[in-house]
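Asker: Predicted coordinates and the sequence they were generated for:
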Amino acid sequence: MSALLEISDLIVDCDPETGERRDVLRAEVVARLRASGQHRAARLVLRWPATDGVLDRAHCDVVLLRAHVEMQRLSEEFLQGDRMRLLLEPMLAALRAGGVRAPYRVLDIGCGLGYVVRALAASGGLGRDVELLGCDLNRALVDRAEALAREERLDCRFVRGDAFRLEAPAHIYLSSNALHHFHGAALTQFFAQQRSACGFLHYDVQPSPFSALGAWLFHRSRMRKPLARLDGCVSAARAHAAATLLAAARRADGPLVGTFDAARSFLSVILRPMQCVVGVQRELAPAFLRELGPLARRLGELA
Ligand SMILES: C[S@@+](CC[C@H](N)C(=O)[O-])C[C@H]1O[C@@H](n2cnc3c(N)ncnc32)[C@H](O)[C@@H]1O
């Protein structure tokens, strides 16, 4: 049986050069899900509309948008905006202390509906010298994120963009719940794209013997949409161990890298559902550690 797959990864295919969406054959998606033993997911996709075997793009986008609305509720509940701010503020302070020229561009990769960027913009306080940006492979999500930001009159922007072709270089890269989408060479490539950044903060689920059960309970009780439930459980199962993330990030030969909140004991697995891969350029690291204050104890070795 092949590795577990997320439906959302299979139903969106974009031309890497132009970003344009390409047709996706329903039978191919169904066959891949069956081959990985995900029969409920295969039955779900089999019910979706298709013309000449090609999945209806508008339908896929609506299903994805609805799943992302449920995902946003999860991020709200997990205080993902605050969690990111906890590390982003000290990193921005380190850039200022290190004499890096402003304005500072902060880019959230795989932003979905842009919850984290919108939450950071809404609560303010990062400084007038900070430009908040989100990007995602899927134009439908980015368009909705942009519309929400305009509705909420927030000072942030969203663009369509591929994690593997970052066109607008940023000082600091962020992501939430995106790392598990990239495996093997793709994970190394993800970090390699960011090697010249001042820093990065990538949060994802903390894998543990309890994460599969925890994710199942959580998604059963909180989520209504079948795609959100199925992909949510798979994403917890696909989450990378801290050692895998560190190895991939360090192979990229960029900033110093460590993990924040990576589980060190039984209790920390329960208390810390998310871990963060933190990257910071060597010359900014002392200021970053200073600015972190007592939080530095939750950061593993930077190397
Ligand atoms: C699980 S969702 C997380 C969305 C959001 N960060 C959140 O926490 O709600 C993963 C996101 O990564 C995006 N994504 C997947 N591959 C990508 C790539 N190569 N470049 C940019 N975005 C990508 C997907 O479109 C999806 O919106």
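Answerer: Yes, it's here.

Asker: C-alpha only now, for contacts and for neighbours.
Answerer: Noted.

Asker: can you list the domains in the protein?
Answerer: The chain breaks down into these structural domains: 7-62, 66-298 (assignment by automatic domain parsing).

Asker: hey, which helix is longest across the chain?
Answerer: In the chain, assigned by DSSP state H, the helix with the most residues is helix 57-77.

Asker: Now do that helix: distance to the chain's middle.
Answerer: The chain centroid and the centroid of helix 57-77 are separated by 14 Å under Cα atoms, centre = their mean, to the nearest Å.

Asker: helices or strands up against it?
Answerer: Contacts of helix 57-77 with other secondary structure elements, assessed using 3 or more Cα pairs under 8 Å, 6 or more residues apart in numbering; DSSP states H and E, are made with helix 139-151, helix 226-238.

Asker: following it, which helix or strand shows up next?
Answerer: helix 80-97 (DSSP states H and E).

Asker: Give me the buried stretch members for that following helix, please.
Answerer: Burial within helix 80-97, assessed by neighbour count using 16 or more other Cα atoms under 10 Å, is assigned to 80-81, 84-85, 87-96.

Asker: any idea which of the residues you listed is closest to the ligand?
Answerer: For those, the residue nearest the ligand by Cα to the nearest ligand atom is Gln80; the value is 8.0 Å.

Asker: For that closest one, give me its contacts.
Answerer: If a contact means Cα atoms under 8 Å, 6 or more residues apart in numbering, then Gln80 has 116, 176 as its contacts.

Asker: do you know how far it is from Met71?
Answerer: Distance of Gln80 to Met71, computed by Cα to Cα, to the nearest Å: 11 Å.

Asker: what about the helices and strands packed on helix 57-77, which gets the closest to Gly112?
Answerer: Closest approach to Gly112 among the helices and strands packed on helix 57-77 (Cα to Cα): helix 139-151, 5.5 Å.

Asker: Model confidence for Val159, exactly?
Answerer: If you check Val159, the pLDDT there is 95.

Asker: Make sure it is indeed in a strand.
Answerer: Yes: under the criterion used here (DSSP: H, G, I helix; E, B strand; the rest coil), Val159 sits inside a strand.

Asker: Now do the contacts for the residue lying closest to Leu88 once chain neighbours are set aside.
Answerer: Of all residues beyond its chain neighbours, the one nearest Leu88 is Leu201 (7.6 Å), with distances taken as Cα to Cα, 6 or more residues apart in numbering. For Leu201, the residues meeting the contact criterion (Cα under 8 Å, 6+ apart) are 84, 87-88, 172-175, 276-279.

Asker: repeat that with 7 Å
Answerer: Contact criterion Cα atoms under 7 Å, 6 or more residues apart in numbering gives 173-175, 276-279 as the residues in contact with Leu201.

Asker: State the phi and psi torsions of it.
Answerer: Taking degrees, to the nearest 10, you get phi -140, psi 100 for the backbone angles of Leu201.

Asker: Specify the beta-bridge partners of it.
Answerer: Residues in a beta bridge with Leu201, per DSSP bridges, are Leu174, Val278.

Asker: circling back: tell me the most buried of the domains of the chain?
Answerer: Each of the domains of the chain was assessed for mean neighbour count using mean count of other Cα atoms under 10 Å. The highest is domain 66-298, with a mean of 19.

Asker: And it, end to end?
Answerer: Where domain 66-298 begins and where it ends lie 35 Å apart, using Cα to Cα.

Asker: and Leu86, how far is that from the ligand?
Answerer: Distance, Leu86 to the ligand, by Cα to the nearest ligand atom, to the nearest Å: 16 Å.

Asker: pLDDT score assigned to Pro169?
Answerer: At Pro169, the pLDDT recorded in the model is 91.

Asker: Any regions of the protein where pLDDT drops low?
Answerer: Within the chain, the stretches falling below the threshold (pLDDT under 70) are 1.

Asker: where along it do the strands fall?
Answerer: With DSSP state E, the ranges of strands along the chain come out as 50-51, 54-55, 104-109, 130-136, 157-160, 172-176, 199-205, 256-260, 274-280.

Asker: what's the closest of these to Gly19?
Answerer: The stretch from the strands of the chain with the least distance to Gly19 (Cα to Cα) is strand 157-160; that distance is 8.0 Å.

Asker: any idea how far the closest residue to Glu70 other than its chain neighbours lies from Ile7?
Answerer: If you skip the residues right next to it in sequence, Glu70 has Met223 as its closest partner in space, 6.2 Å away by Cα to Cα, 6+ apart. Using Cα to Cα, one gets 16 Å for the distance from Met223 to Ile7.

Asker: do the same with Asp23
Answerer: 15 Å.
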